[in-house]
Structures are given as structure tokens and as C-alpha cells.
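Student: 3D model of this:
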Amino acid sequence: VGALARRVLNQMGEEKASVRSTALTHLSAFNTAAVMDATKDGFDPKELRTGIATLFLVVPPPAIDTLKPVLRALLTCVMRRCADAGPTHTKTVTLILDEIAALKKFEEAEKALTGFRKFGLRFLFLYQSVDQLKESFPETEGNVLLANSTQVYMAVQDFKTAELVCKMVGRTTLTVAKPN
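Tutor: Predicted structure coming up:
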């Protein structure tokens with residue numbers, strides 16, 4: 001951080017003003033009253049691995065757009081700090097991420113899916129449709145998530161999702177007789 005700050009300070013004129021303006025724009029979400037209140041007490045995400053802490057992030061829908069950078073940074077911090085505690089098979093941390101599609105592209109989630117399982121991280125991603133999934137993982141179209149998960153579909157309301165479910169299930173119908 002110090003090296004980057006020195007580089008910005010060494011820039012001249014309009015370039016310096018442009019870099020400063022861009023940085024302030026991207027960091028403005030961290031300077032809101034909601035973030036200040038939520039982060040005034042100390043919290044180490046490693047505490048999630050000990051079982052003595054539970055973290056709930058509840059964001060009102062109107063605030064999601066404003067707080068996207070904060071949510072991405074916080075979730076990334078939680079995932080990395082839990083991984084810093086080292087591999088484990090006994091202490092797991094489950095991240096239940098409802099409405100995760102609101103964050104749009106979230107690269108750290110994909111990295112965590114493929115590399116953080118050995119660190120005791122488990123994920124439950126909740127999407128409303130296949131389109132939301134593809135928005136969150138545009139390069140892979142959600143294939144990493146679909147290949148590494150148990151999938152549950154309920155009350156499918158859009159054609160693309162219904163089509164995907166039909167392709168995965170196939171044409172076979174199983175009839176199971178229930179004992180009386």
C-alpha cells in the first residue's frame with residue numbers, strides 16, 4: 001500500500017488528479033455511516049473457525065448497490081482469513097450467500113470454490129435463475145459452481161433454467177412405490 005501511495009504522490013498534474021479521483025470514487029463506499037458503525041468493534045474472521053463467532057451480513061436491498069465493494073472486500077477477507085488458519089477437516093465455516101447475484105462478477109468466490117475447501121470453507125450459493133449464475137461467473141458461465149456442488153431447483157420460473165434442469169435430468173422417469 002505504501003509503495004502504491006508513493007507512486008501516486010510522484011505523479012504530476014492531471015494524471016495525479018485522475019488517479020486520486022478514481023481511487024476516491026472506488027473507496028467512497030467504505031466511508032459511509034453504515035460501514036463505520038458495522039466495523040467499529042474489532043472482528044477477526046479466524047474466530048469463525050473456532051466456533052466462538054457467527055457472522056451475519058444483512059444488507060437492506062436499497063443499500064446493496066452502494067455497498068457492493070464493501071461486501072466483496074469483506075467476503076474476500078473472511079475467506080482468506082479462514083484459509084490463513086490452515087487446512088482442517090474438523091472445523092468448517094459455512095458461508096450461506098443468498099442473493100449473491102447482486103454482487104455480479106465476484107472472482108474470489110470462484111477461486112474459493114476451487115481452492116478453499118481444504119481450509120474448511122463450505123459454500124451455499126442461492127440464485128434465482130441460471131441467468132443470475134452466468135452473470136456472477138461470466139467467463140465460465142457458472143460451470144465451476146455447477147461442477148462442484150449439489151444442485152437444488154425449486155419452483156423454476158424461467159425457460160432457460162427449466163431447460164437446463166431438463167437436460168441434466170434426462171428423459172427417464174422413475175416411479176417409486178411408497179409402502180402404505
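Student: for the chain, what spans make up the strands?
Tutor: Taking DSSP state E as the test, the strands found in the chain are 93-98, 121-126.
Student: now those strands in TSV, with mean pLDDT?
Tutor: Shown next, in TSV, are the strands of the chain (pLDDT from 0 to 100):
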stretch	mean pLDDT
strand 93-98	84
strand 121-126	84
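Student: okay if I get these as JSON lines plus mean neighbour count?
Tutor: For the C-beta atoms, the positions are set from N, CA and C on the backbone; glycine is no exception. Output for the strands of the chain, formatted as JSON lines (neighbours: other C-beta atoms under 10 Å):
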{"stretch": "strand 93-98", "mean neighbour count": "16"}
{"stretch": "strand 121-126", "mean neighbour count": "16"}
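Student: and those as a markdown table, adding distance to residue 157?
Tutor: Formatted as a markdown table, the strands of the chain follow (distance: least, C-beta to C-beta, whole Å):
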| stretch | distance to residue 157 |
| --- | --- |
| strand 93-98 | 17 |
| strand 121-126 | 15 |
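Student: Ok, which of these comes nearest residue 22?
Tutor: strand 93-98 (28.5 Å; C-beta to C-beta).
Student: what angle separates the closest one from strand 121-126?
Tutor: With axes from the mean of the first three to the mean of the last three C-alpha atoms, to 10 degrees defining the directions, strand 93-98 sits at 10 degrees from strand 121-126.
Student: contacting residues for the most centrally placed residue in the chain?
Tutor: Most central in the chain under C-alpha atoms, centre = their mean is residue 109, positioned 4.8 Å from the mean C-alpha point. By C-beta atoms under 8 Å, 6 or more residues apart in numbering, the residues touching residue 109 are 75, 97, 100, 123, 125, 136.
Student: The fifth one pairs with what?
Tutor: Beta-bridge pairing for residue 125 (DSSP bridges): residue 97.
Student: And it, how far from residue 83?
Tutor: Between residue 125 and residue 83 the computed distance is 18 Å (C-beta to C-beta, to the nearest Å).
Student: Let me know the pLDDT of residue 143.
Tutor: Looking at residue 143, its pLDDT reads 75.
Student: nope, residue 9 is what I was after
Tutor: In this prediction residue 9 is given a pLDDT of 69.
Student: Could you list the buried residues of stretch 60-80?
Tutor: 67, 68, 70, 71, 72, 74, 75, 76, 78, 79, 80 (16 or more other C-beta atoms under 10 Å).
Student: any idea how far the first one lies from residue 168?
Tutor: In this structure, residue 67 lies at 34 Å from residue 168, with C-beta to C-beta as the measure.
Student: now swap in the fifth one and tell me
Tutor: The spacing between residue 72 and residue 168, counted by C-beta to C-beta, is 30 Å.
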